[in-house]
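Engineer: pasting a predicted model and its sequence here:
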Amino acid sequence: MENQILWLNRKDVESLLDMKEALEVVEEAFRQHGLKKVQMPPKLYLYFKKHNGDLRTMPAYLEEQDITGVKIVNVHPDNPKKGLPTVMALVILNSTETGAPIAVMDGTYLTNMRTGAAGGVAVKYLARKNAKTVGFVGTGNQAVTQLLGIKEVIDIEEIKATSTQEKHTLAFKKEIEKIISCDIVPKKSVKEVCDCDIIVTTTPSREPIVMNEWISDGTHINAIGADAPGKEELDPKILKRARGVVDDIPQASHSGEVNVPLSKKLISEKDICCEIGEVVAGKKKGRMKDSDITVFDSTGLAIQDVATADMVYRKALEANMGIKLQQF
């Protein structure tokens, strides 16, 4: 009944969502985006400068699946000092027939998982087929889910990791030892981590921390951290060398890894190869040869949230999970 709203808390979402399924629905959402079968305006921001944070709204409609909704999400980098996650989110799904809300669910875990899934999809389509080593710059929650996504698509033999504090790097090593069996090597500098087939950056940096001269031919980079205006993690010279693939050109242009070098005219839109959905849909080529450097600029798309949340909602209905709330 459409006067009922299904509420799913974080534990519900965690129990219903795994990375393999998240990767499948995110890959399909990207494909639909590449086929121009979605409606998705760029995310909107409210900035709270005195609190070093922001609030974002992210609506989307996937036309072929006939599903729609909106995510409300914050990013507050100082939150961990207060015992709170940096990112917290809520996802609302609506009926496309009537517009009525049909589900509200915690989106914090969902956001981490769908972003990790996007990283896995990018590696599947853009990394060299023989990629075996992964370097992590930044070792927070998103680094963990990036690992979960990547290990679904390649066999990882070695992991290198670094962060601003050694204790965080060691905590990351301890956590991922429970997830994967391979060599895990903590490093003290970003430069030492860049000697890998795949590099994953998940920091809130507002200046380049991965330099061009450290990147070898054939490397693939998942640039995850830059998700708001003014943020950047990569030396713009890397973007000039690389085949740069974004998740969405309008959104990435104002809030992705390319936003700062575009605004400074260090690169132009011509330096962006294509969107990941076009690659998934077979309309464009990402990697052309093994020696290419490829970069996936992930800003996080509302279609990822809506597609993932719809899967969770349907599984919850089947399992009779959640709390049914009366709207009127």
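Structural biologist: All right, it came through fine. Residues are numbered from 1 along each chain as shown.

Engineer: nearest residue to the middle of the protein?
Structural biologist: In the chain, the centroid-proximal residue (CA atoms, centre = their mean) is T115; its distance is 2.6 Å.

Engineer: leaving aside the residues adjacent along the chain, what's closest to that one?
Structural biologist: Once flanking residues are discounted, T115 sits nearest to G300: 5.7 Å by CB to CB, 6 or more residues apart in numbering. Every C-beta, even on glycine, is put in place using the N, C-alpha and C of the backbone.

Engineer: contacting residues around that neighbour?
Structural biologist: Neighbouring residues of G300 by CB atoms under 8 Å, 6 or more residues apart in numbering: K43, M58, T111, R114, T115, A118, D227, D247.

Engineer: kindly report the same for G107.
Structural biologist: V13, K71, I72, V73, M88, A89, L90, V91, D305, A309.

Engineer: what sits closest to it if chain neighbours are left out?
Structural biologist: Closest residue to G107 apart from its sequence neighbours, by CB to CB, 6+ apart: A89 at 3.1 Å.

Engineer: do the same with A127
Structural biologist: Leaving out its chain neighbours, the residue that sits closest to A127 by CB to CB, 6+ apart is H220, at 3.9 Å.

Engineer: look up phi and psi at that neighbour.
Structural biologist: Reported as degrees, to the nearest 10, the phi and psi values for H220 are phi -110, psi 140.

Engineer: assess the claim that it and G286 are in contact.
Structural biologist: No. Using CB atoms under 8 Å, H220 is not in contact with G286, being 9.3 Å away.

Engineer: neighbour-wise, which of these two wins?
Structural biologist: The residue with more neighbours, out of H220 and G286 and counting by other CB atoms under 10 Å, is H220; that gives 27 against 21.

Engineer: bridging residues for the more buried one?
Structural biologist: In this entry, H220 is beta-bridged to I198, T294, by DSSP bridges.

Engineer: just use 24 as the starting number from now, easier for me
Structural biologist: Got it, first residue is 24 now, which makes that one H243.

Engineer: residues touching it, list them.
Structural biologist: By CB under 8 Å, 6+ apart, the contact list for H243 reads 145-146, 149-151, 154, 220-222, 310, 316-319.

Engineer: 6 Å - rerun?
Structural biologist: By CB atoms under 6 Å, 6 or more residues apart in numbering, the contact set of H243 is L149, A150, I221, T317.

Engineer: what do you get for T192?
Structural biologist: T162, A184, T185, S186, P209.

Engineer: ok, so of the residues you listed, who is nearest N235?
Structural biologist: N235 has its nearest neighbour among the contacts of T192 in T185, at 18.0 Å by CB to CB.

Engineer: tell me which residues are up against stretch 305-313.
Structural biologist: For stretch 305-313, the external contacting residues (CB under 6 Å, 6+ apart) are G57, Y148, L149, R151, G241, V268, C297, E301, V302, T317.
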